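S.K.: Sharing a model that was predicted from the sequence below.
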Amino acid sequence: MSPAVAAPAAVLERLRLDNGLRVVLAPDREATAVCVAVHYDVGFRSEPAGRGGFAHLFEHLMFEGSERIGPGEHTRLVQAAGGTFNGTTYRDHTAYYQIVPPEALERTLFLEADRMRGPRLTEATLARQLAVVKEEILRNITAQPYGGFPWVPLPPALFTTFANTHNGYGDLADLEASTLADCAAFFDTHYAPGNAVLTVCGDFDPQAGADLVRRHFADVPARPVPVPAALAEPRPTGDRQDEHAVPGLPMAALALGLRLPDPVGDTDRYLAAAAVGALLGDGENAVLHRRAVRETGSAVGVHAGAGLTGVPLEARDPDVFVIRAMLTSPGAAATVTEIADRALRDLAEHGPDPAALARTTARAAVERHRRLDRLGSRAQQYGRFELHHGDAALAAELPDRIRRTTPEQVAAAAADLAGQRRRSVLLVPAPTPGAPR
């Protein structure tokens, strides 16, 4: 058994510059490095209609140089200092981070501030990154039998608006129609300092760190902050199952989607729903695996959990509780759906076994501690919670809040999930051309 991991105590300082940039300073003088992360309040669900995948494309463009840094120089300068870097687009934010030795902190702050002023946008950089993104889509989505499952096909079964239903990885036709004017407008709208959170985490002096932040970011021009995307939708009023025939699919797959409580406005109820997922579908001893795999043979694997992409608290409301299964046959979808319904109703009626709940919440709390123990993950957690919840410290408070989840809260969460209409996606193998039917 792995030992519990205790994260460093959270000592956070929060600043707000005149241009609107929110800053979280998290010094840890025992660290051997420093992480600089920037979270922009723009993701897949911020994209305008007709530009599916644009947030992801723009994330790539942000590495193509800036006002004073040429193409490839950001990468070279971080790596020359012995550092690592990455960027990722999520449903409701885009994150960039660098982990570098402490002596490279100022260099890294300069690089992030320079591209916050303005990226280098040319026809050549746009064409280059369009090619890279198209290759990612091919490799990770279209060329994979289960590519993007369930987070690509499930939202259209649950929601109705473009923001909530479209494929954030990108529609090729939309991406190919992108222009430099689109890029400039997207930057001006979403990459304003007031629409971002800068997090500095690791081995640095907080006063010196604050001075460096002001030196490099205070003169980034302020711009209007966009109105948040309208994401709210009513819960489904009827059952629905979308079926997709997929060439080359080895076996059928099912994803059931249910609406979760608001992760920002109702965090404790959201955490209780996450505990429902762990109790019912986390591991081979969980009830869904036992009933669907061992007892009925309707599936070869089944999992349940909070978060459309499998990560709780990664996005704002609306978010999705997902039950997914690899089926032994397409007809087994009805059996697995009934097993899931019954498991939710049983948990709602009888509540969880207290000992099982204690083990479940302990595991979840330890995982949260582990995320805070890793420097890069810690910086990103602080930035994400400051952006979504307005409180970076919540990242460090979550383990205790998770462990305080009660059987009554879990039963209530299960009852809420059990009472919803079923929305699901079924993937089935497409017939081979010319094969007998």
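M.R.: Nice, I can see it. Numbers count the residues shown, from 1 in each chain.
S.K.: domain parsing for the chain?
M.R.: The record's domain parsing of the chain by automatic domain parsing lists 13-217, 240-429.
S.K.: got those as a markdown table, with mean pLDDT and distance to R223 columns?
M.R.: (Each C-beta comes from the backbone N, C-alpha and C, glycine too.) Compiled in a markdown table, the domains of the chain are given as follows (pLDDT from 0 to 100; distance: least, Cβ to Cβ, whole Å):
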| stretch | mean pLDDT | distance to R223 |
| --- | --- | --- |
| domain 13-217 | 95 | 4 |
| domain 240-429 | 96 | 17 |
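S.K.: Wait, a strand at E103?
M.R.: No - under the criterion used here (DSSP: H, G, I helix; E, B strand; the rest coil), E103 is helix, not part of a strand.
S.K.: Excluding sequence neighbours, find me the nearest residue to it.
M.R.: A81 (7.8 Å; Cβ to Cβ, 6 or more residues apart in numbering).
S.K.: residues in contact with the one you found?
M.R.: 100-101, 103-104, 107-108 (Cβ atoms under 8 Å, 6 or more residues apart in numbering).
S.K.: Got phi/psi on it?
M.R.: Here the main-chain torsion angles of A81 (degrees, to the nearest 10) amount to phi -80, psi 0.
S.K.: Need the distance between the two termini of stretch 312-329.
M.R.: Stretch 312-329 has its terminal residues 30 Å apart, counting by Cα to Cα, to the nearest Å.
S.K.: quick one, helices of the stretch 251-400 of the chain?
M.R.: Counting by DSSP state H, counting those that start in this stretch, the segments of the stretch 251-400 of the chain that form helices are 267-281, 287-289, 333-350, 354-373, 375-389, 394-403.
S.K.: ok, for the most centrally placed residue in the chain, nearest residue in space, not its chain neighbours?
M.R.: Central residue check for the chain by Cα atoms, centre = their mean: the C-alpha nearest the mean position is that of E314, 4.1 Å away. The shortest distance from E314 to any residue that is not its chain neighbour, by Cβ to Cβ, 6+ apart, is 5.5 Å, and that residue is G307.
S.K.: wouldn't the one you found be in contact with L313 here?
M.R.: Yes - at 7.3 Å, G307 counts as touching L313 under the criterion of Cβ atoms under 8 Å.
S.K.: Present the domains of the chain as a markdown table; the columns should include distance to E233.
M.R.: Shown next, in a markdown table, are the domains of the chain (distance: least, Cβ to Cβ, whole Å):
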| stretch | distance to E233 |
| --- | --- |
| domain 13-217 | 5 |
| domain 240-429 | 6 |
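S.K.: Which one of those lies nearest to V227?
M.R.: Closest approach to V227 among the domains of the chain is made by domain 13-217 (10.1 Å; Cβ to Cβ).
S.K.: how long is the closest one from one end to the other?
M.R.: Domain 13-217 has an end-to-end distance of 17 Å (Cα to Cα).
S.K.: Now find how far off-centre it is within its chain.
M.R.: Here the centre of domain 13-217 is set off from its chain's centre by 13 Å, with Cα atoms, centre = their mean, to the nearest Å.
S.K.: where's G118 relative to P224, distance?
M.R.: Remark: distance between G118 and P224 (Cβ to Cβ, to the nearest Å) = 16 Å.
S.K.: Of these two, give the one with the bigger neighbour count.
M.R.: Relative neighbour count places G118 above the other of G118 and P224, with 16 against 11, counting by other Cβ atoms under 10 Å.
S.K.: and the more buried one, what does it touch?
M.R.: 66-67, 187.
S.K.: Please indicate which of those residues are buried?
M.R.: With burial judged by 16 or more other Cβ atoms under 10 Å, the buried subset of the contacts of G118 is 66, 187.
S.K.: Would you convert the contacts of G118 into TSV that also reports distance to D266 and secondary structure?
M.R.: Conversion of these to TSV gives the following (distance: Cβ to Cβ, whole Å; DSSP: H, G, I helix; E, B strand; the rest coil):
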residue	distance to D266	secondary structure
S66	40	strand
E67	42	coil
F187	34	helix
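S.K.: what's the closest of the contacts of G118 to G50?
M.R.: Scanning those for proximity to G50, where the rule is Cβ to Cβ, the winner is F187, at 17.9 Å.
S.K.: give me every residue that touches the closest one.
M.R.: Taking Cβ under 8 Å, 6+ apart as the definition of contact, the neighbours of F187 are 58, 118-119, 121.
S.K.: how about 7 Å then?
M.R.: If a contact means Cβ atoms under 7 Å, 6 or more residues apart in numbering, then F187 has P119 as its contacts.
S.K.: For T360, see how far away it is.
M.R.: Distance of F187 to T360, given as Cβ to Cβ: 43 Å.
S.K.: Spell out which helix or strand contains E233, please.
M.R.: Take DSSP states H and E as the rule and E233 turns out to sit in neither a helix nor a strand.
S.K.: correction: F186
M.R.: Secondary-structure assignment from DSSP H and E places F186 in helix 180-190.
S.K.: after that helix, next one along is what?
M.R.: Proceeding C-terminally, helix 180-190 gives way to strand 196-202 as the next helix or strand, assigned by DSSP H and E.
S.K.: now the helix or strand just after that following strand and strand 196-202, what's the angle there?
M.R.: For strand 196-202, the succeeding helix or strand toward the C-terminus, using DSSP H and E, is helix 206-217. Using axes from the mean of the first three to the mean of the last three Cα atoms, to 10 degrees, the direction of helix 206-217 lies 140 degrees away from that of strand 196-202.
S.K.: related to what we said a few turns ago, out of the domains of the chain, flag the one nearest A229.
M.R.: With Cβ to Cβ as the measure, domain 13-217 is the member of the domains of the chain nearest A229 (5.1 Å).
S.K.: and the residue lying closest to T199 once chain neighbours are set aside, what is it in contact with?
M.R.: Residue nearest to T199 in three dimensions, not counting chain neighbours: G383, with 4.0 Å by Cβ to Cβ, 6+ apart. When the contact criterion is Cβ under 7 Å, 6+ apart, the partners of G383 are 24, 37, 39, 95, 197, 199.
S.K.: For T122, see how far away A81 is.
M.R.: Plainly put, A81 is 26 Å away from T122 if you go by Cβ to Cβ.
S.K.: go on, A379?
M.R.: Per Cβ to Cβ, A379 is found 31 Å from T122.
S.K.: and those two? which has more neighbours close in?
M.R.: Comparing A379 with T122 by neighbour count (other Cβ under 10 Å), the higher total belongs to A379, at 29 against 15.
S.K.: neighbouring contacts of stretch 409-423?
M.R.: Contacts to stretch 409-423, defined as Cβ under 7 Å, 6+ apart, come from residues 157-158, 235-240, 256-259, 268-269, 272-273, 275-276, 321, 337, 341, 344-345, 347-348, 351-352, 357.
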